[in-house]
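# This is a predicted model, with the sequence first.
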Amino acid sequence: DGRARVLADGNQIPLLALGVWQVPDGPECEKAVRWALEAGYRHIDTAQAYGNEASVGRALRDSGVARQDVFITTKFYPGSRDPEAEAQRSLERLGVESVDLYIVHWPQGGPTWAWDGMQRAHEKGYARSIGISNFSASEVDALLKAAEVAPVVNQVQFSPFEFRRDLLSACEQRGLALEAYSPLGTGRHLSDQRVAEIAERLGRTPAQVLIRWAVQRGLIVLPKSTHRERIEENAKVFDFELTAADMSTLDGLDGTGGTDRALEQTWW
Ligand code: A2P
């Protein structure tokens, strides 16, 4: 129904996720995840580097939503040595038997460095799907040449203002779904006049327009918020459509938003 897609390995993934980057472990994270589950989110995106997996797990258990109804993503922190051992630690912190998706957080040590361990984590059943983040098209290709089990997603900074068409088409051609992090430009794009104009005309908010743009392209999108009303607002993107004209106006914003290329470097 346009809320989920099937990955190349056959697993289903909900398009909308709550991202919990920079949300401290503890009540703030637990509340955000709990509110998201109550608002209908069925996908939570965390990472070893975020330090908040325990809160995500606690919120999931407290919510009463069945484990099999929620798609949980975590990411291998490439500063550690062994993705398989780290996956087990993540599962303990999360309090789950497996994650739905386990991602190499960034290509430290080269695009293939962590992949053997990722494949072992997959083989052991710790992760139903495996993927990558912050990989360029050439890094994707280098990994695909060496991989036995191919990555099924690439999670990158992506919005109309960071509209990486070449990377998107390279990923889609090679069977990787693209996941858009910082779809609101960490908040910067919400005040853009051209986004606001579309939002106003549709009776929506700028955040909803930016998230809808991603959903309408079939991307998996991970807006982050710790405020209940914003978490709820960001989920209301499946009851309206952007016209082809509005989509192309938004497409045209690429490179015009004071793109923060340094954002990605904060990971590396
Ligand atoms: P907060 O977490 O305080 O609610 P991105 O997903 O691109 O990284 O953007 C996240 C930033 O945008 C956070 O600072 C978040 O603030 C803010 N934000 C998220 N959703 C909304 C919204 N619907 N309206 C206004 N600001 C939002």
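Arrived safely.
# Return the residues of the stretch 1-150 of the chain in contact with the ligand.
Selection of the stretch 1-150 of the chain residues close to the ligand by C-beta under 6 Å from any ligand atom yields Gly19. Where C-beta positions appear, they are placed from N, C-alpha and C, glycine not excepted.
# in the stretch 1-150 of the chain, which spans are helices?
Assigned by DSSP state H, counting those that start in this stretch, the helices in the stretch 1-150 of the chain fall at 27-38, 53-63, 83-94, 115-123, 137-146.
# Tell me which of these approaches Leu202 most closely.
Between Leu202 and the helices of the stretch 1-150 of the chain, the shortest separation by C-beta to C-beta is 23.5 Å, and it involves helix 27-38.
# For that closest one, which helices and strands make contact with it?
strand 18-19, helix 53-63, helix 228-235 (3 or more C-beta pairs under 8 Å, 6 or more residues apart in numbering; DSSP states H and E).
# just the angle between the longest one and helix 83-94, please?
Relative orientation of helix 53-63 and helix 83-94, computed by axes from the mean of the first three to the mean of the last three C-alpha atoms, to 10 degrees: 50 degrees.
# Report the distance from helix 53-63 to the chain centre.
18 Å (C-alpha atoms, centre = their mean, to the nearest Å).
# Equivalent analysis for stretch 227-244, please.
That offset, for stretch 227-244, works out to 16 Å (C-alpha atoms, centre = their mean).
# From here on, call the first residue 39.
All right, first residue 39 from here; so that's stretch 265-282.
# where does this structure dip in pLDDT?
296-306 (pLDDT under 70).
# cutoff 80 now
Low-confidence segments of the chain, defined by pLDDT under 80: 39, 296-306.
# residues in contact with the residue lying farthest from the centre of it?
Relative to the centre of the chain, and counting by C-alpha atoms, centre = their mean, the farthest-placed residue is Arg239 at 28.3 Å. Neighbouring residues of Arg239 by C-beta atoms under 8 Å, 6 or more residues apart in numbering: there are none.
# And it, how far from the ligand?
18 Å (C-beta to the nearest ligand atom, to the nearest Å).
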